[in-house]
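A.B. asks: Below are the sequence and a predicted model; questions follow.
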Amino acid sequence: MNAVQTLVIKNLCFAKMQAVAELAVRTGRSIPSVTKTISELMALGIVSECGYAVSSGGRRPLQYRLNHQSLPKILSVSIDQYYTSIGIYDLSFEILDTIKTIRNPLANSNECVQAIMGMIREVLTINEGLPIMAIGLTIPGFVDSATGQNHSYSADHPLFNLSKTIEDHFGIQTWMENDSTAIAIAEKNFGEAQRSQDVLVVNLNWGVGLGMIIHDRLFKGHSGYAGEFSHIPLSDENRLCSCGKRGCLEVEASLTAAVKSAGKRLDEGEISSLKSLYEAQGHIRGEQLMHAANEGDQLSMEVLNRIGFMLGKGVATLIHIINPEYVVISGRGAKVGRILLPQIQSALLQYSIERLSKHTRLLISELEQVQLLGGACVALDKAKWNGTIPVKN
């Protein structure tokens, strides 16, 4: 597989139907070069014609698409502080079969890694014979995507070299990326971030992450670790953050903060539809809290309102520094976006300069399983395709 063929295939993965002129612009190659490549890929059975584009006044151009049904697949593994999910995508980014999710806290490092390996082994066994070209792995932390190492951990920690562990064990090239960066990539390719060249994507999860699209390019900073939104010191509370510092935004503007606040209020005897669950389990989980809030539970809505306001305070800071056209709230917390949005906007009115913030729009992501999708995007973009892509007969 030569460089131009690879570029054309990747572009057809992200935009399902394209004409030669459009592919030439997207790949930065000449029209004759792309035309020749399309002919080569059609001969291999990788690309086929799919009709004419809508006329813009002249002759309607032919469009082309991938025959993704016969092409290899991507295995995506998304990891956060408490859960691991796994799924297989085809090269049109359609999910195959059912996504598997387990509770798998990162804090239990050895058990966590063993569970991840077991999940991958199980999915590969169930789908034996299905060609997997790459594994995309997304995880919180200071991820060096070039080396696949997570520098949030020491070199002897089982999570430090997780991508190499997986690649060595299963013999499938494995590419690792920070969770919030991967979410921003998914939003840029398939979600709200397609709207503009300057977008900030907030990953509201157990912490608060950030992916930045600036001048239509992913911005990762000098060392590759830009976007540590959680640890901007904006909290007025003196509670210790997971990073070991005090005053971080995360302690007041994350789903973890909302769950802790709900538990405290339930302990104090407040009325809530979550009361019976709390008494039975001894705790409340984030998904349960968000579901209750969307069903109108007052306590759940109030604790989410609080984190929404603090999130807005953080977003105001970002607007002052970056001046984006859009801020997209994505990740797990997007499920309660309609509750969070008024509070974020209220905080922007209080803490931001109106001349700046009036030009920034807030949007709530509608993408499902966005981190898993981001992992598939990362794997496709970084995968090394040596020789011809294996085509299933």
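C.D. replies: The structure has been received and is ready for your questions.
A.B. asks: drop to CA atoms for contacts and neighbour counts, all remaining ones
C.D. replies: Will do.
A.B. asks: quick one: Gln69 is in a strand?
C.D. replies: No - applying DSSP: H, G, I helix; E, B strand; the rest coil, one finds Gln69 to be helix, outside a strand.
A.B. asks: burial measure for it, as a count.
C.D. replies: 13 (other CA atoms under 10 Å).
A.B. asks: Could you measure from it over to Leu159?
C.D. replies: 34 Å (CA to CA, to the nearest Å).
A.B. asks: same thing with Glu187?
C.D. replies: Using CA to CA, Glu187 is found at 26 Å from Leu159.
A.B. asks: and if you look at Ile102?
C.D. replies: Counting by CA to CA, the gap from Ile102 to Leu159 is 18 Å.
A.B. asks: the more surrounded of these two?
C.D. replies: Using other CA under 10 Å as the criterion, Ile102 and Leu159 rank with Leu159 on top: 21 against 14.
A.B. asks: That one contacts His151, doesn't it?
C.D. replies: No - contact criterion CA atoms under 8 Å: Leu159 and His151 do not qualify, at 9.2 Å.
A.B. asks: neighbours of the closest residue to Arg246 other than its chain neighbours, just the number please.
C.D. replies: Distances taken as CA to CA, 6 or more residues apart in numbering put Leu240 closest to Arg246, at 4.7 Å, once the chain neighbours are dropped. Residues contacting Leu240 under the criterion other CA under 10 Å number 13.
A.B. asks: ok, now Glu237?
C.D. replies: 12.
A.B. asks: what are the phi and psi angles of Ile95?
C.D. replies: Reported as degrees, to the nearest 10, the phi and psi values for Ile95 are phi -80, psi 140.
A.B. asks: ok but Ile102 is inside a helix, no?
C.D. replies: No - under three-state DSSP, Ile102 sits outside any helix and is assigned strand.
A.B. asks: and it, how far is that from Thr84?
C.D. replies: Distance from Ile102 to Thr84, by CA to CA: 6 Å.
A.B. asks: where does the chain dip in pLDDT?
C.D. replies: For the chain, the stretches with pLDDT under 70 are 55-58, 386-393.
A.B. asks: how is it carved up into domains?
C.D. replies: The chain resolves into domains spanning 3-66, 71-182+372-382, 195-365 when parsed by automatic domain parsing.
A.B. asks: who touches the host helix or strand of Gln371?
C.D. replies: Assigned by DSSP states H and E, Gln371 falls within helix 370-382. If you take CA atoms under 8 Å, 6 or more residues apart in numbering as the criterion, helix 370-382 is touched by 10, 74-78, 85-87, 89, 93, 134-138, 174-177, 179-180, 182-187, 330-331.
A.B. asks: Now that helix: buried residues?
C.D. replies: Of all the residues in helix 370-382, those buried under the rule 16 or more other CA atoms under 10 Å are 370-380, 382.
A.B. asks: can you check stretch 51-68 too?
C.D. replies: By neighbour count with 16+ other CA under 10 Å, stretch 51-68 contains the buried residues 61-68.
A.B. asks: what does stretch 149-168 give?
C.D. replies: 149-150, 158-166.
A.B. asks: export that stretch as PDB, just CAs?
C.D. replies: C-alpha atoms of stretch 149-168 as PDB (Å, rounded to 0.1, in the frame of the first residue of the first chain):
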ATOM      1  CA  GLN A 149       3.600   5.400  27.300                       C
ATOM      2  CA  ASN A 150       1.500   6.900  30.100                       C
ATOM      3  CA  HIS A 151       3.700   9.200  32.200                       C
ATOM      4  CA  SER A 152       1.100   9.500  34.900                       C
ATOM      5  CA  TYR A 153       2.700   6.300  36.200                       C
ATOM      6  CA  SER A 154       6.200   5.200  37.000                       C
ATOM      7  CA  ALA A 155       8.200   3.100  34.500                       C
ATOM      8  CA  ASP A 156       7.600  -0.100  36.400                       C
ATOM      9  CA  HIS A 157       3.800   0.400  36.800                       C
ATOM     10  CA  PRO A 158       1.600  -2.000  34.700                       C
ATOM     11  CA  LEU A 159      -0.300   0.900  33.200                       C
ATOM     12  CA  PHE A 160       2.900   2.800  32.000                       C
ATOM     13  CA  ASN A 161       3.500   0.600  29.000                       C
ATOM     14  CA  LEU A 162       0.000  -0.800  28.500                       C
ATOM     15  CA  SER A 163      -0.100  -0.400  24.700                       C
ATOM     16  CA  LYS A 164       3.200  -2.300  24.300                       C
ATOM     17  CA  THR A 165       1.900  -5.100  26.700                       C
ATOM     18  CA  ILE A 166      -1.200  -5.400  24.500                       C
ATOM     19  CA  GLU A 167       0.700  -5.300  21.200                       C
ATOM     20  CA  ASP A 168       3.200  -7.900  22.300                       C
END
